[in-house]
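In: With the sequence up front, the predicted model follows.
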Amino acid sequence: MSNPPRVAVVQRTIRRYRMPFFRSLGSELEQRGIQLAVVHNTPPRDQDRRKDVVADESLAWAKRAPARDVGIAGKTVLWQSAPRGLHQADLVVVEQASRLLLNYRLLLRRRFGGPKVALWGHGDDPYPDASMTAERFKRFYSTQPDWWFAYTDGVAELVETFGFPGERITSVNNSTDTQQLTAAVEAVSDDQVQQLREAHGIRGSQVGLYAGALLPEKRLDHLVEAADVVRDASPAFELVLVGDGPLAPWVQEQASTRPWMHYLGQRFDNDLAEVMRLSTFLMVPTWVGLVIVDGFAAGVPLIASASGAHPPEIGYLRQDENGRLVDDGGDPRRYAEGVLAVLQDPPRLERMRAGCREDAMRMGTEEMARRFAEGIEAAIAAPRR
């Protein structure tokens, strides 16, 4: 009797939001007779800038492999060890990042009978200051694997322009667990919302929510400056921030001088659902990632800056239907004007909230896992490139 096909997925870090996806993917692949192995290099929690890595005891189903940063020609790259079983897989799925040395080792090994290799990623680097030379190399190296798992349809289209065959690209619709968050938000009572308000002194009827890592690339100074303008024009407005990261002390300092600004720390699961239930809309000017999907699940539309750098999930936004991109040219005051335009137009806001709920029904980790499993099955069956 032949052994079942095997796939290994390699991740630098496993964060909380990815746990439901890997559980769903394991179930999907088991139904298709394919074995899944997850290899990760998750750092200790005290080395995590975002403070949302999964504790080791929660990852009994995954194998942790050592990794270390290495300096080469003035650049920092990551050396990841390869567990013995990795080379026995039929397919290995790795992150697209060009600083991962393991990717090149696997691509070389596949030429000598090693497992097929698939890339999973964004396509291009969303940072505006990305090196053109590095991006040209990344595009070339992105055409080398046997299969591609693109975060979104837009990424799939981009990868095809690199010269990679479209029939070997799977768009996975990168997502969070929308079903779980929707159910959690719906379970929050009015009394719980009132208790949350009283606990943190939140009195305004218009609540802008920032949810995400507190990192420099998020342009939190832009956000606070814009919030000052919104508050001056609309005294019912208040700003709530949840998340963690190196800028947490700065956020606390800003909140200490503004009675209408509230920092609630890191929030997950039911605690996040309570804050979402309280909120009118999301205010995340730049670097919008999967928080847009959390907003869909909660019926909370996103307002973002069109001039900011964003990962590919910004492509889920439908202008004035489930959120709004403000053409602000990087000016916080113009971003604030975009926020006020939504606040002063209740029918548009309600339409956007309805659009969020509609889109949440089309997304989620179950749908993402189904797409991913279909791609894995096709990649294993396809001839090598």
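Out: Thanks, I have it.
In: other SSEs contacting the lowest-mean-pLDDT helix or strand in the chain?
Out: Taking mean pLDDT, DSSP states H and E as the measure, the helices and strands of the chain show their lowest mean at helix 132-141, namely a mean of 84. Secondary-structure packing of helix 132-141 (3 or more C-beta pairs under 8 Å, 6 or more residues apart in numbering; DSSP states H and E): helix 101-110. For glycine as for every other residue, the C-beta is placed from the backbone atoms N, C-alpha and C.
In: List of residues touching the helix it packs on?
Out: By C-beta atoms under 8 Å, 6 or more residues apart in numbering, the list of residues contacting helix 101-110 from outside reads 10, 70, 77-80, 82, 87, 92, 94-95, 97, 114-117, 119, 141, 144-146, 384.
In: If any of those are buried, put those into a ChimeraX selection.
Out: Selecting in ChimeraX just the buried members of the contacts of helix 101-110, where the criterion is 16 or more other C-beta atoms under 10 Å, is done with this command:
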select :10,78,80,82,87,92,94,95,97,114,115,116,117,119,141,145,146
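In: Which of the contacts of helix 101-110 fall in helices?
Out: residue 141 (DSSP state H).
In: if we can go back for a sec, could I get the buried residue list for the least confident helix or strand of the chain?
Out: For helix 132-141, burial by neighbour count (16+ other C-beta under 10 Å) applies to 138-139, 141.
In: What values do phi and psi take at residue 63?
Out: Its backbone dihedrals place residue 63 at phi -110, psi 130, with angles given as degrees, to the nearest 10.
In: show me what contacts it?
Out: With contacts defined as C-beta under 8 Å, 6+ apart, residue 63 is in contact with 37-40, 83, 85.
In: rerun at 7 Å
Out: Residue 63 makes contact with 37, 39, 83, according to C-beta atoms under 7 Å, 6 or more residues apart in numbering.
In: where's it relative to residue 243, distance?
Out: Residue 63 sits 29 Å away from residue 243, going by C-beta to C-beta, to the nearest Å.
In: go on, residue 335?
Out: Between residue 335 and residue 243 the distance is 19 Å, computed by C-beta to C-beta.
In: Below-threshold pLDDT in the stretch 151-300 of the chain: ranges please.
Out: Within the stretch 151-300 of the chain, not a single segment meets pLDDT under 70.
In: quick check: domain ranges of this structure?
Out: Split into domains by automatic domain parsing, the chain comes to 6-175+364-381, 178-360.
In: which of these sits most buried?
Out: Mean neighbour counts were taken over the domains of the chain using mean count of other C-beta atoms under 10 Å, and the top value, a mean of 19, falls to domain 178-360.
In: so where do the strands sit in the stretch 51-200 of the chain?
Out: With DSSP state E, counting those that start in this stretch as the criterion, the stretch 51-200 of the chain has strands at 63-64, 67-72, 75-80, 91-95, 116-121, 147-150, 169-171.
In: Could you do the stretch 251-385 of the chain as well?
Out: Going by DSSP E, counting those that start in this stretch, the stretch 251-385 of the chain shows strands at 261-263, 281-283, 302-305, 323-326.
In: possible to save those strands as TSV with distance to residue 208?
Out: As requested, these are exported to TSV (distance: least, C-beta to C-beta, whole Å):
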stretch	distance to residue 208
strand 261-263	10
strand 281-283	4
strand 302-305	8
strand 323-326	12
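In: For the protein, which segments are assigned as helices?
Out: When secondary structure is read from DSSP H, the chain shows helices at 19-31, 101-110, 132-141, 153-161, 178-187, 190-200, 220-233, 248-256, 269-278, 291-298, 332-343, 346-360, 365-381.
In: I'd like those laid out as a markdown table, including distance to residue 308.
Out: Listed next are the helices of the chain as a markdown table, based on distance: least, C-beta to C-beta, whole Å:
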| stretch | distance to residue 308 |
| --- | --- |
| helix 19-31 | 26 |
| helix 101-110 | 29 |
| helix 132-141 | 19 |
| helix 153-161 | 16 |
| helix 178-187 | 24 |
| helix 190-200 | 28 |
| helix 220-233 | 8 |
| helix 248-256 | 18 |
| helix 269-278 | 22 |
| helix 291-298 | 13 |
| helix 332-343 | 9 |
| helix 346-360 | 19 |
| helix 365-381 | 25 |
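In: Looking at those, which is nearest to residue 309?
Out: Nearest of these to residue 309, taken as C-beta to C-beta: helix 220-233 at 12.0 Å.
In: Any idea how far that closest one is from the middle of the chain?
Out: Once both centres are worked out by C-alpha atoms, centre = their mean, to the nearest Å, helix 220-233 turns out to sit 25 Å from its chain's centre.
In: Kindly format the C-alpha coordinates of it as PDB.
Out: Listed next in PDB are the C-alpha coordinates belonging to helix 220-233 (Å, rounded to 0.1, in the frame of the first residue of the first chain):
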ATOM      1  CA  LEU A 220       0.200  56.400  14.300                       C
ATOM      2  CA  ASP A 221       1.300  60.000  14.400                       C
ATOM      3  CA  HIS A 222      -0.700  60.600  11.300                       C
ATOM      4  CA  LEU A 223      -3.700  58.900  13.000                       C
ATOM      5  CA  VAL A 224      -3.500  60.900  16.200                       C
ATOM      6  CA  GLU A 225      -3.200  64.200  14.300                       C
ATOM      7  CA  ALA A 226      -6.200  63.300  12.200                       C
ATOM      8  CA  ALA A 227      -8.200  62.300  15.200                       C
ATOM      9  CA  ASP A 228      -7.500  65.800  16.800                       C
ATOM     10  CA  VAL A 229      -9.100  67.400  13.700                       C
ATOM     11  CA  VAL A 230     -12.100  65.000  13.800                       C
ATOM     12  CA  ARG A 231     -12.600  65.600  17.500                       C
ATOM     13  CA  ASP A 232     -12.500  69.400  17.000                       C
ATOM     14  CA  ALA A 233     -15.200  69.200  14.400                       C
END
